[in-house]
Every structure is written in structure tokens, then in C-alpha cells.
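Student: build me a model:
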Amino acid sequence: MIRNQYILVKDLLQKKNDSASDGMPVRVRGWVKTNRSNGHIGFMALSDGSCFENIQIVYNLDEHPEMTPASKISTGSSVDVAGVFTLTPGAKQPFEVQAAEVTLLGDCDSDFPMQKKRHSLEFLREVPHLRPRTNTFNALFRVRSVLCGAIHEFFQTNGFLYITPPLITGNDAEGAGEVFTVTTSEGETDFFGKKACLTVSGQLHVEPFALAYDRVYTFGPTFRAENSNTTTHASEFWMVEPEIAFADLEDDMAVMEAMVKYCITKVLERCPSEMAFFNEMFDKEHKLIERLTAVANSEFKVMTYTEAIELLLKADRQFQYPVAWGVDLKSEHERYICEEVVQGPVFLIDYPKDIKAFYMRINDDGKTVAACDCLVPGVGELIGGSQREERYDVLLERMKEMGMEQETLQWYLDLRRFGSVKHAGFGLGLERFILYLTNIGNIRDTIPYARTPRNLMF
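Tutor: The predicted model follows:
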């Protein structure tokens, strides 16, 4: 695609084996990654953001002495380059642009922190407005974009309707009370005439649409006022939450498995350079792509929570957190089950009702709920879902047990009086999925501007 008279780097890369394009005039623009010269010949690496790769600009100062100022252009500056596309099959790069004109568009001060050297991820979190210019975040945010597109593609092509629930709500979907209160000024909570908060989940608001459209999903930001400083928790993150009518837990798990496989496949197909980078730079054994491909081609196993507890109790190892029936499993437990016992992805089902949300359907044993967590090697839990409680009396009793206000959720209860059917759904945290795909290690590095306890930059 040509933008005005400019050609994108990604389009030039498509011509790297095209002898007919050799010698054609081109004009490119972008940002300087590196710039060096030996007094006669200069070499400039240029990125325009259209792809992960850079291109090499070569300027000959003997032939074009008027381009001498080009040798002084600093890293980070923006330039306009006119020249000739030249194939270089015997060189490290397949082609270069031999410049006839280099125009400085925007100079970059010498204190620009993104110089050509290895920066720690911790340092880059202090300059989130500049980190997209590094290779790591150039790759990561491209993967994020492709993954978001793949998620929408999967649901749209499978007949799901996209619903956009409110971000401001009067309900706490999880019942945990870890919400951000919405006020108009300090101390005021009466703008809406009642308590209001930022949503922790779109699930409750999207369920009514499933009971009208059969298959729906929401994909948007959610907020948790959870004072947790782990590498997998954030105060603001994006959630994918589908809901399916006339569906039980098995139907729910089938959608989860299909979605995970579809998204992995699309990211590997559409981000080959980016994923090769993460495979090389962020996986010690360089087996990230191999693991992802194995999951995309595997059959997800199913195991009950009770069976998992029994296996953990028999494990020949000391866990940091104690194991007993009724405890909420930690990442170390989940990873042991999927990496060492199953050696692949697995659904854990039938969790104790006392550690799960009020809306999950109670099983016939009265002790467990029809809930599941999808565990994958490398991260543990990736997705959580359940069959929803469709029985009015049972749901009401469950809410009373948990001390929840009936009045604020009467509308949700009423869905069980007006043509109720069995239905199910799940929640996938986008950033946790990105952690899994890239192996980058910290959720703060998977979102453009991280929001975590005592951290609100920009």
C-alpha cells in the first residue's frame, strides 16, 4: 500500500525477492534506530512502524556530499529518505535503499533514553511513552493487536453477537468488594443517586443478551481494586467474556478450547518475526513456539478438582502453599498439574462452591459447582468459566448464604423467572493470554499503560 508518495517498509519487504523491483525509485519515512558512517559511506537503520523489521539506508557521501549532515542525525530522529531500492542477495540483508536525499523531519535530543543497548523491562516501565520504540515492545504490542483481532474473528465467525456492557455499574459481579468507587469529587457518591463503581466484569450485564441472542460476547476493560503486587495481577485489564444459552459446562469448555487454539494459530501465522523474537529472547530453552504449537494441536484433558487435590497431596515435592480440599489452587499447583502430570492443557472442573462466585451452578452433590479453569503449561490458569445457576430459588439461597443484597441484583434474579434456560460462559484476561504467548513474565509489560497499586503513570 502506498501512502501518498511514500512506501511502507512492510511493502518493501514483500519485494525482497523481486528482481523486477531492483533499481526502482522509492521514498520512505520513519525513525532512525541506528546511524553510523566511516566518513565516506553511511548506514542508517530505519523503522516506520509498519512491521517488526527495520530496513537499511545507505548514503554515499563521496557521491552526494550534500548529504553530509545525514551522518550527524541521531538515534530516535524522524527522517524522509528518497532513493533507489537495491537488492543485495550476497549481504546480511536482502536489500537496501541507496539514498539520494535524506531530510531530517524531527531531531532527537541527546538524552533520548532508547539508545542502542539492552534496557531492562523495569527501566522501560518508567518510560511507557517511549518503550514502543524498542524491539521488545514493538513486537509485543503488535502481538496484542493481532490477538485482539483474532478474538473478534473467532467469535464473529462462530455466530456470536458483540455486546458492549457499561463500565460504570451498581453491581459487584464477583461479590468480593474489590471495586473502585465512582465519585464526582472527594467524598461524593450521589451522582447517580446510589453507590456506583467501575465494573469488575461484564458478565452480569451480558447474560441477559445471551438469553435473547443465544450467543454473545463482550470484550473490554475491567477494573479490580485488589491490592496485589504479583506479576499476574493488574488493576485495569481487558476481559473477553462470552455467554452461551442452551449450554452446559461441556459446551463452555468446547468454546474455550476452540478459541485458544484459533488465537494461537493466528498469532503464529501473522506475527512470525515477533514470535521468533520472543522465542529467542524470552524463553531460556527457545521452545516457546514449540510449546504453543503443541497446545494448538493437542486435545485438552479434563480432571476434577478433587482428583487434582489427590495428585497434589501425593506429589513428591514441597509446595510453598499448603494443599487441602477446599483451598483455592495457586499457580504452583496449577502448573504442576498441567506441566508434570498432564503434560499439556487441562480443564479442572467441579470446584468447591465456597471458593467460587455466587452465580455458578451448584452440582447435585451440594458441595461443588459446575465451574472450570483452563490450565496451560507455562502460566497455569488461563481461563475461568462456569455453567450459570439458572434456578431462581437456588440462586437466591446462594446469594443469601453469601450475604449479598437481593435488591440490587433482583433484575439478575428475574432472568430466572422469564424463560430461563441453562447457560454458561467464561472470562479470559487478555493480558494473561499475552503473558502466555510471549513469555515476557510480567503483566505490567503486556498493556500500554499499566495500572497497579501505587502506580498511575500518565
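Student: in a helix, L104, correct?
Tutor: No: using DSSP: H, G, I helix; E, B strand; the rest coil, the assignment for L104 is strand, not a helix.
Student: identify the residues contacting it.
Tutor: Listed by C-beta atoms under 8 Å, 6 or more residues apart in numbering, the contact partners of L104 are 69, 73, 77-79. All C-beta atoms are positioned from the backbone trio N, CA, C, and that covers glycine.
Student: swap the cut-off to 10 Å and go again
Tutor: If you count contacts by C-beta atoms under 10 Å, 6 or more residues apart in numbering, L104 has them with 32, 69-70, 72-74, 77-80.
Student: check V146 too.
Tutor: With contacts defined as C-beta under 10 Å, 6+ apart, V146 is in contact with 263, 266-271, 274-275, 437.
Student: tell me the buried residues in stretch 324-334?
Tutor: 329-331, 333-334 (16 or more other C-beta atoms under 10 Å).
Student: still on that earlier bit, in PyMOL, select just the buried ones from the contacts of L104.
Tutor: Restricted to buried positions by 16+ other C-beta under 10 Å, the PyMOL selection for the contacts of L104 reads:
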select buried, resi 32+70+73+77+78+79
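Student: and of the contacts of L104, the nearest to H152?
Tutor: Within the contacts of L104, the smallest distance to H152 is 32.2 Å, found for S78 (C-beta to C-beta).
Student: report the beta-bridge partners for that closest one.
Tutor: W31, G106 (DSSP bridges).
Student: what about the stretch 1-150 of the chain, any weak spots by pLDDT?
Tutor: The stretch 1-150 of the chain contains residues with pLDDT under 70 at 1-4.
Student: and the strands in the stretch 51-200 of the chain?
Tutor: Counting by DSSP state E, counting those that start in this stretch, the stretch 51-200 of the chain has strands at residues 55-60, 78-87, 95-106, 161-162, 168-169, 197-198.
Student: can you lay out the ones you listed as TSV showing distance to R131?
Tutor: Formatted as TSV, the strands of the stretch 51-200 of the chain follow (distance: least, C-beta to C-beta, whole Å):
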stretch	distance to R131
strand 55-60	22
strand 78-87	18
strand 95-106	19
strand 161-162	30
strand 168-169	30
strand 197-198	26
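Student: check what contacts stretch 308-325 and list those residues.
Tutor: 303-306, 326-334, 336-338, 340-342, 346, 348-352, 367, 373, 375.
Student: just give the nearest non-adjacent residue to Q56, would you?
Tutor: Nearest residue to Q56, sequence neighbours excluded (C-beta to C-beta, 6 or more residues apart in numbering): E96, at 4.5 Å.
Student: what is the burial count for the one you found?
Tutor: Counted with other C-beta atoms under 10 Å, residues neighbouring E96 total 19.
Student: and the helices in the chain?
Tutor: Secondary structure of the chain, counting by DSSP state H: helices at 9-13, 121-124, 135-157, 203-213, 249-270, 272-281, 288-296, 305-314, 331-335, 392-401, 410-414, 430-438.
Student: can I get these in CSV with distance to M44?
Tutor: Listed next are those as CSV, based on distance: least, C-beta to C-beta, whole Å:
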stretch, distance to M44
helix 9-13, 13
helix 121-124, 24
helix 135-157, 17
helix 203-213, 50
helix 249-270, 28
helix 272-281, 20
helix 288-296, 31
helix 305-314, 56
helix 331-335, 45
helix 392-401, 65
helix 410-414, 60
helix 430-438, 29
